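Chemist: From the sequence below, what's the structure:
(2 chains)
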Amino acid sequence: MNKLKKDEIRDIGLNYVFSQMKILTSMGRNKIKNLEIFGKDNEDKLLIEFNNISYCLDNIINNRELYSRLASILSKIKDISGTIKNIKSKRTLDIVELYEVKLYSYYVNSLIKNLHNNNIRIINFELIYLEEVYRLLDPDGLKLPTFMIYDDYCENLSEIRKNKKKLEQEIRNETNSDLIEKILSKRRKLVFEEEVREQEIRKELTLKIFKFVDFLEINLNLITYLDILIAKAKLSKEYNCTSPQINDNNEIQLDNITNPYFDSILKEKDSSYVPIGLVLKSGSTVITGANMGGKSLTLKTIILNVTLAQLGFFVFADYVSLPVLDYIYMIMDDMQSVDNGLSSFGSEIKALDEAIELSEKDRGLIIMDELARGTNPQEGTAIVNAVIRFLNKKDTFSVISTHYDNIDLDGVVQYRVKGLKNVDFDKLTDVDINETKNAHILLQGLMDYRLEKCEDEGVPKDALNICKFLGLNKELFSIIKKYYKE
Amino acid sequence: MSKVTCNSRSTAIIGMDKNVGKTTVLNYIISKTEGNNVLGLTSIGRDGESVDRVTHTPKPRIYVSRGTILATAKQCMFQSDITKEILESTSIKTPLGNIVFIRSLSDGYIDLAGPSTTSQMREIVSKLKKYKVDEIYVDGAISRMTQCSPSIVDSAVLCTGAVLGRSIEMVVNKTNHVVRMLLLQKHEMSDYLEKIEIPAEYRVVFVLIDGSLKFLEAQTSMEVAEKIADYLEYKISIIYIRGVLSEDISKKILSNKPKKSRIDLVVEDGTKIFLSADIYAQMKRHLLNIYVLNPINLKELYYNPTSPSGTKLDDIDFKLALQESTGLKAINVLGRKNYE
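Modeler: Numbering: from 1, shown residues only, chains lettered A, B, ... in the order given. Model prediction:
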């Protein structure tokens, strides 16, 4: 998914979003794991994608009867890509493969009919009728959902089968085991002949189907596309998502974005995710805020929605406007990699280097959570300041969260998590705090996770309040306080 | 337990071992119903090879009548010499290809290889019913008994034979133990136990003497064996084990239960019990009685007095000994008389 790693896709909640989709074919389920963002070169296709989702919402999802009919057909369509490969290399299909091609053709045709009868017109989506393929595999026009090498394929074959049946009847009526053995051996010859004929017929059928193999393949890709498109539309309806607006003005506007993954986790704790809003400009944006203030969740929710938009999904927001990006890069905590033996700081710097290289060529989104947290504050501050300066000149959107003080914010957009700013700690008596067994839950309740734009305020100092609130040892607390004043 | 909703009766043919003549039994049953009833056939694993893979002795093949519905692995279907109509190709995987449903349009020899898990077997059997067969037979084996549990099939027949031991006594003892496990009685509290709503992760339910319940959470039966001792200090009247009852679990209960108190051990059905005759006898002596929720309808016992290695047990003595110890009707499928 263009620079997002597997565990990052899970962490930001993208896997959760996929899991909430009603994908009906195995092709769709495979495809969803390997989606790629559209990128600047495919901007027109991305616009069409949003258009198609809207169209599906209005004309398929909101037409329950049609949706359930299409869903029922889609769920029956099997992945015949292996069979298609065999046809392409003219490998004679076996009887089960022929059966699968027959059913596939049947369902494709019925899908086309259903779409046609309901006047469904999806842009860049045109399934091809497989009437002829179906007729090849249903020579008697029986319209049964089964397949055999029909007698009609070859006169010789029906003759062989008639004779075989005669012998089988003789076996049924015979009691003498020597005689049975004799008839069985005659039967074996016929079985062999039958197999040879069947093999010839299968070969002929395969060659006839070969002419249509491109159609089979095009349809398979389109069906996979349709499956995911309808699932996207259904998801959008269930979560009340909105279509992202694509702009050219160097700005990512995010109004009340949410994250269904975090929301589902918080719901279990009888809480819910608080929507956030912010505007990113090309260059650096800094997010500051207290520990426990939800900075990481905020970053993940930004990245989720931006990624979804770039993948051609509707977003979990009231309104989102953004340009088409070429990559999405995330540098999060726990970067420590056992594989390459680097410390978390080492891994971070390596990732940073990769991200910067990307930003030299294309425009994307780089998200950095608590950059250089693993090193000492003095050096860390220097690194963060330098990265902010450096990336501020780029086209790429960079979002850096930090709790370091002395960040040079000159000319850089800054947001802070409101956090505990508006809580009057003096009004919370010691009794309140000590009586609360689950201080951290009370604290979460007081915490304001929303973002506010600010200028020159530096980094908030909620840490002391949090220490007090969580009931840190009183003596230790008073020593910390003393140091604070110095 | 989900019981049959359709008219088709389903029977598992369970072999005590390879080479007890299971295929012969199946052919015998097929020949009895020849043409009159539509049969649905499947297997718990691979069967129907012309040469036994383990002993390299020639094996009889299954011969079916036209109209029979088969659920078998794709590769086995190719080995079958019937004229075939493909009814359905499933996504149930086996080492010999996915399971396909076919109708035989002629008489002929077939190879059967079925699914490998219990839930897949349940799916296959219910699909066979969908094809409106009159009788379903599952080619089963003692080593994979859970696929023949009463939740899947209505009844079972057991096949035993000389291959299990050198003497009649040995074979009869082994057979009798299996029969006893399969025929364990339904516990008087079965209906109550089945009605308790228990999350899947609770593998053991303890009903205490005062009627209250305790639960043991575990993933595997090994974990049950590790944890169960801790619960035996309670005053227990029933231990209901969901899943397999292994020797390890039984030994843990035996060595930790209060000496003179009676405890009833309840399992879902006889296919979940994996105990030797010795352990079972020891349990009985220590007032640890085993019951089931769903008894198995074990109808008949088929036997084969000869083994591929040449052992030949006396037909009449063998038959009488089997009947006497198991109380079931024993039929020699090789004996002519039984064909009538």
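
Chemist: Can you pull the residues of the stretch 1-150 of chain B lying near chain A?
Modeler: By the criterion of C-beta under 8 Å from any C-beta of the partner chain, the positions of the stretch 1-150 of chain B lying close to chain A are B:34-35, B:66, B:74, B:77-78, B:81, B:83-87, B:89, B:91, B:100, B:103, B:105-108. Heads up, the C-betas are built off the backbone N, CA and C, glycines and all.

Chemist: can I assume residue B:303 is in contact with residue B:158?
Modeler: No. Using C-beta atoms under 8 Å, residue B:303 and residue B:158 do not qualify as a contacting pair, with a distance of 9.1 Å.

Chemist: Among the residues of the stretch 1-150 of chain B next to chain A, which ones are in helices?
Modeler: Using DSSP state H, the members of the residues of the stretch 1-150 of chain B next to chain A that fall in helices are B:74, B:77-78.

Chemist: Most neighbours out of those, which is it?
Modeler: Ranked by neighbour count under the definition other C-beta atoms under 10 Å in any protein chain shown, these are headed by residue B:77 with 27 neighbours.

Chemist: so what's it scoring on pLDDT?
Modeler: With respect to pLDDT, residue B:77 has a value of 93.

Chemist: now swap in residue A:352 and tell me
Modeler: 87.

Chemist: what's around residue B:244, how many residues?
Modeler: Around residue B:244 there are 18 other residues, counting by other C-beta under 10 Å.

Chemist: Kindly provide the distance from it to residue B:123.
Modeler: 21 Å (C-beta to C-beta, to the nearest Å).

Chemist: do the same with residue A:170
Modeler: Residue A:170 sits 38 Å away from residue B:123, taking C-beta to C-beta as the criterion.

Chemist: Excluding chain neighbours, give the residue nearest to residue B:142 in space.
Modeler: Distances taken as C-beta to C-beta, 6 or more residues apart in numbering or on different chains put residue B:16 closest to residue B:142, at 5.3 Å, once the chain neighbours are dropped.

Chemist: Residue A:161 now?
Modeler: Closest residue in space to residue A:161, ignoring its immediate chain neighbours: residue B:83 at 6.1 Å, by C-beta to C-beta, 6+ apart.

Chemist: swap in residue A:262?
Modeler: Of all residues not flanking residue A:262 in the chain, residue A:273 sits nearest, at 4.8 Å (C-beta to C-beta, 6+ apart).

Chemist: which SS class is the one you found?
Modeler: For residue A:273, the reduced secondary structure class is coil; criterion used: DSSP: H, G, I helix; E, B strand; the rest coil.

Chemist: what are the phi and psi values for it?
Modeler: Main-chain torsions, residue A:273, degrees, to the nearest 10: phi -80, psi 130.

Chemist: how many neighbours does it have?
Modeler: Using other C-beta under 10 Å, residue A:273 is surrounded by 22 other residues.

Chemist: what's the neighbour count on whichever residue of the stretch 201-350 of chain A sits closest to chain B?
Modeler: Across the stretch 201-350 of chain A, the shortest distance to chain B (C-beta to the nearest C-beta) belongs to residue A:202, at 11.9 Å. The burial metric for residue A:202, expressed as a neighbour count using other C-beta under 10 Å, is 18.

Chemist: In a helix, it, correct?
Modeler: Yes. Residue state for residue A:202 (three-state DSSP) corresponds to a helix.

Chemist: show me the contacts for the closest residue to it other than its chain neighbours.
Modeler: Counting by C-beta to C-beta, 6+ apart, residue A:92 is the residue found nearest to residue A:202 once chain neighbours are left out, at 5.2 Å. For residue A:92, the contact set (C-beta atoms under 8 Å, 6 or more residues apart in numbering or on different chains) comprises A:199, A:202-203, A:206.
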